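> I'd like to go over a predicted model; first the sequence, then the structure.
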Amino acid sequence: MSDIDILLHGIPGRSSHGYLGQASAVLVNKTTMVDVGSIGRRPVLEKSFENVDVEPEDVEDVLLTHVHFDHCDNIDLFPDATIHVYEPEMQRLEDGEYDWATPIQGPSLFDGHEVSLFEAGDVINGMEVVPTPGHTEHHVAFVLEDDDLTYGFTGDAVKNTRELSTMNPMVLYSKEAAIDTLERMAERLDFVVPGHDTPFYIEDGEPIATIDVDWGVNLQFSPASATTTEISSNRSELRELPPNVTDATARQAFH
């Protein structure tokens, strides 16, 4: 049975002042990362590694669902890892086809790293590469068949419970393709680590959450005033995580 450690919760939220960019990051079998989060979450990610007693330098492979800042910013935290990128996605960067969420460094983002380009259907450390276009044209998910469950590390192909239930995804490429992807993932997967939510099961096409989304905001309005607001999803039904899945996500303290 594979060990799955949730190091960063995805946050299913937006702001009137811009996108939050709070994506999930997962450690599989203590050696393989699927997505690595945005630079603003680095202190939390490093603390989450401490929670599972693993050093980032011990990570051997980093698998990227797509090259958007909130999923790839922290690859330099893994100097000894091979970075795995979907070949058409790398070609997009080399051709200069950037959307607003693509890091401006482009292919130079990977300078100093060993890079391995993969194709649809490849299997990397037991995880199958499944094309999941819609949010972006060259998005992929990684699917792990393990014992009685099929796990999906879906990035933004399945971002959160709401998009799955409503079939109304936010996309940068094709809404029609994104809905088709959601339907295929709902049919195939039993357990999802989504791009912007906490993990959930899928039964009869519907999500069943395992962890509430808890998000604290500290607003420093003046020298004499700082306000902290804690927001929780307070979901009515929560199911226990599978025994091989650990929630190791750290929290950032406000000073």
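Yep, it's here.
> got a list of what the closest residue to residue 233 other than its chain neighbours touches?
Nearest in space to residue 233, with sequence neighbours left out and distances taken as CB to CB, 6 or more residues apart in numbering, is residue 213 at 4.2 Å. The way it works is simple: take the backbone N, C-alpha and C, and place the C-beta from them, glycine included. By CB atoms under 8 Å, 6 or more residues apart in numbering, the contact set of residue 213 is 9, 11-12, 197-198, 231-233.
> got it, and residue 62?
Shown in contact with residue 62 (CB under 8 Å, 6+ apart): 32-33, 36, 75, 78, 81-84.
> Give me the local confidence score for residue 89.
On pLDDT, residue 89 comes in at 98.
> Take stretch 125-140, keep the C-alpha atoms, and write them as CSV.
Extracted in CSV, the C-alpha atoms of stretch 125-140 (Å, rounded to 0.1, in the frame of the first residue of the first chain):
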residue,chain,number,x,y,z
ASN,A,125,6.7,5.5,-9.8
GLY,A,126,3.4,3.5,-10.2
MET,A,127,1.3,6.5,-11.3
GLU,A,128,-0.3,6.6,-14.7
VAL,A,129,-0.1,9.8,-16.7
VAL,A,130,-3.7,10.7,-17.8
PRO,A,131,-4.3,13.7,-20.1
THR,A,132,-6.9,16.0,-18.5
PRO,A,133,-7.4,19.0,-20.8
GLY,A,134,-9.7,21.8,-20.0
HIS,A,135,-8.2,24.0,-17.3
THR,A,136,-5.2,24.2,-19.6
GLU,A,137,-4.6,22.4,-22.9
HIS,A,138,-1.8,20.2,-21.8
HIS,A,139,-2.9,19.4,-18.2
VAL,A,140,-2.4,15.9,-16.8
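> Pull out the buried positions in the host helix or strand of residue 145.
Assigned by DSSP states H and E, residue 145 belongs to strand 140-146. Using 16 or more other CB atoms under 10 Å as the test for burial, strand 140-146 gives 140-144, 146.
> cool, stretch 15-25 as well?
By neighbour count on 16+ other CB under 10 Å, the buried set for stretch 15-25 is 20-25.
> Quickly check these for the two that are furthest apart.
Spanning the widest gap among these are 20 and 25, at 14.8 Å by CB to CB.
> what about residue 167, how many neighbours?
Using other CB atoms under 10 Å, residue 167 has 14 other residues around it.
> I figured it hits residue 182, correct?
Yes: Residue 167 lies in contact with residue 182 (CB atoms under 8 Å); the separation is 5.9 Å.
> Touching both of these two, which residues are there?
Common neighbours of residue 167 and residue 182, using CB under 8 Å, 6+ apart, do not exist here.
> you'd agree residue 229 is in a strand?
Yes: Residue 229 sits within a strand when classified using DSSP: H, G, I helix; E, B strand; the rest coil.
> That one touches residue 219, doesn't it?
Yes: judged on CB under 8 Å, residue 229 makes contact with residue 219 at a distance of 7.3 Å.
> In this structure, where's the longest helix?
helix 175-188 (DSSP state H).
> what's the closest non-adjacent residue to residue 186?
Closest to residue 186 by CB to CB, 6+ apart is residue 205, at 4.6 Å.
> Can you read off the pLDDT for the one you found?
On the pLDDT scale, residue 205 is placed at 95.
> wouldn't it be in contact with residue 188 here?
No: contact between residue 205 and residue 188 fails when scored by CB under 8 Å: they sit 11.0 Å apart.
> Tell me the buried residues in stretch 116-133?
118, 124-125, 127-133.
> In these, find the pair that's most separated.
Among these, 125 and 133 lie farthest apart (CB to CB), at 23.2 Å.
> Closest to residue 45 out of the contacts of residue 213?
residue 9 (11.2 Å).
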